Structures are given as structure tokens and as C-alpha cells.
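**Student:** when you get a sec, could you give me coordinates for this:
(one chain, ligands or ions: 2)
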Amino acid sequence: MVLTNDLPSVACWVSQMASSFTSSNIRGDFGLPCFLRVLPGVNCCAIVLSLLIRANQMNNTAKLAKIDALLGGLPAFQCKEGCFDCCGPVIMSRMEYMRCIQASGRTAEDVKRQMQKNLKQGIYTCPLLDPETKKCSVYTVRPAICRLFGVVKGELLCPHGCAPESSALLTDAQSREILRKVEELGK
Ligand code: SF4
Ligand code: SF4
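**Tutor:** Ligands and ions are numbered 1, 2, ... in the order given. Model (predicted):
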């Protein structure tokens, strides 16, 4: 019978198709079978990569929004005019750092170079402080530690007595908890 005789060749063809779909010439750069590659002009790895980057960007935006929501509730107060005494080298999370660099309009390398130059000269001023205006160059996106300074009872109080109402001051435990959450979100 024709059908019976053809069965082995059909099975063989299916097997060849299956193996060709998993062969190295149509595997993605991640080593996975890449079916989109059979379409002319489609680089599936570029598509997957751009989707991953986009998902990561959306994730980062959501995390930064959560950080901003946490910091947005901190009490406000008026600083001494022209003062930048608490603008020393500060520690911040990775995402806060990336946002500050972006807002500064400089490169991370440039900021780092200035920091190293400052330290060599015994200058402990934050490299994000504008050397001309003596104002924070990234004020609207300044990191958590800069926003907490002056609003926490104890060591983070302003040396010039600038502060919100005493009833609004945070406890040390509250400020540590905020920093912990920001650090976690901003990894
Ligand atoms: S918190 Fe105090 S030390 Fe810091 S900038 Fe304001 S006035 Fe100056
Ligand atoms: S980031 Fe801005 S507010 Fe914070 S220490 Fe630097 S210059 Fe001061």
C-alpha cells in the first residue's frame, strides 16, 4: 500500500523538520530554539532583548516612583540661604545614583573624576554640588539621605538649627527603615 510505504518517509520528514527547528542555525543567541529566525529580516534576539530592556525600564520607573512616594511624605523646612554645609560625599542606592547622573547632564566618569580630585585636595564637598552656584545640581531628584538630613532627631539634625516643627521630626528607627526600603528598591 502507498500509505504504508510512505509512513517511514513521512516520519523521517517530520523528524528532519523537528531537528532543523532545534539545530544551531536557528537557535537564538541565548541558545534557545528561535522560531522567528525562519522569517526573513527578523532578528528575534534583538526583539527579545529590546523587550527585556523595556520591561526593565518600566520596572525601574515603577521602583523610582515608589522611592519618590516614600520620600515625598518627609517634612519640609527652610534651609539657611546659600548653605551647603551638609553636602558632603553621600551614599545612595544604584538607581538613585543613575538618576542623579542623568539629571546632572554629566557622565558617571566625570562625576567620579571630580570626586577623586576633590578628595585629593582635601575637599569633601559632594561632586553634584554646582561649583558656580553652590546649589545642588540634581535637587529635584536628590537621594534619600539628602532629604532625611535635617528631619531626623539626633545625628541628622541641621547644625544651624534649621528644621521642621519638632513634632514632625522622624525617629532614628523611622529614618533607618526609609533608607532600608530605598536601598532595597534602588538596587
Ligand atoms: S540642612 Fe542645614 S546644613 Fe544642610 S544645607 Fe540646610 S541649612 Fe545647611
Ligand atoms: S546630591 Fe545634592 S543635596 Fe545631596 S549632597 Fe549632593 S549636592 Fe547636596
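**Student:** just the helices in this protein please.
**Tutor:** For the chain, the helices defined by DSSP state H occupy 2-21, 44-72, 94-104, 108-120, 144-148, 172-185.
**Student:** and of those helices, who's closest to Lys80?
**Tutor:** Using C-beta to C-beta as the measure, helix 144-148 is the one of the helices of the chain that comes nearest Lys80, at 15.5 Å. Every C-beta, even on glycine, is put in place using the N, C-alpha and C of the backbone.
**Student:** what residues does the chain put near ligand 2?
**Tutor:** Cys87, Val90, Cys126, Leu128, Leu129, Cys136, Val138, Arg142, Cys146 (C-beta under 6 Å from any ligand atom).
**Student:** pLDDT wise, what is the first one at?
**Tutor:** This points to Cys87. Cys87 is assigned 97 on the pLDDT scale.
**Student:** how far away is it from Tyr97?
**Tutor:** Distance check for Cys87 against Tyr97: by C-beta to C-beta, to the nearest Å, it reads 16 Å.
**Student:** once you drop chain neighbours, what's closest to the most centrally placed residue in the chain?
**Tutor:** Nearest residue to the geometric centre of the chain (C-alpha atoms, centre = their mean): Met95, 2.7 Å. Spatial nearest neighbour of Met95, chain neighbours left out: Gly186 (3.9 Å); criterion: C-beta to C-beta, 6 or more residues apart in numbering.
**Student:** neighbours of that neighbour, how many?
**Tutor:** Residue crowding around Gly186 was assessed by other C-beta atoms under 10 Å; the count is 21.
**Student:** and it, what does it touch?
**Tutor:** Residues in contact with Gly186 (C-beta atoms under 8 Å, 6 or more residues apart in numbering) are Lys63, Leu64, Ile67, Met92, Ser93, Arg94, Met95, Glu96.
**Student:** farthest-apart pair in the residues you listed, please.
**Tutor:** Pairwise distances across these peak at 13.8 Å for Lys63 and Met92 (criterion: C-beta to C-beta).
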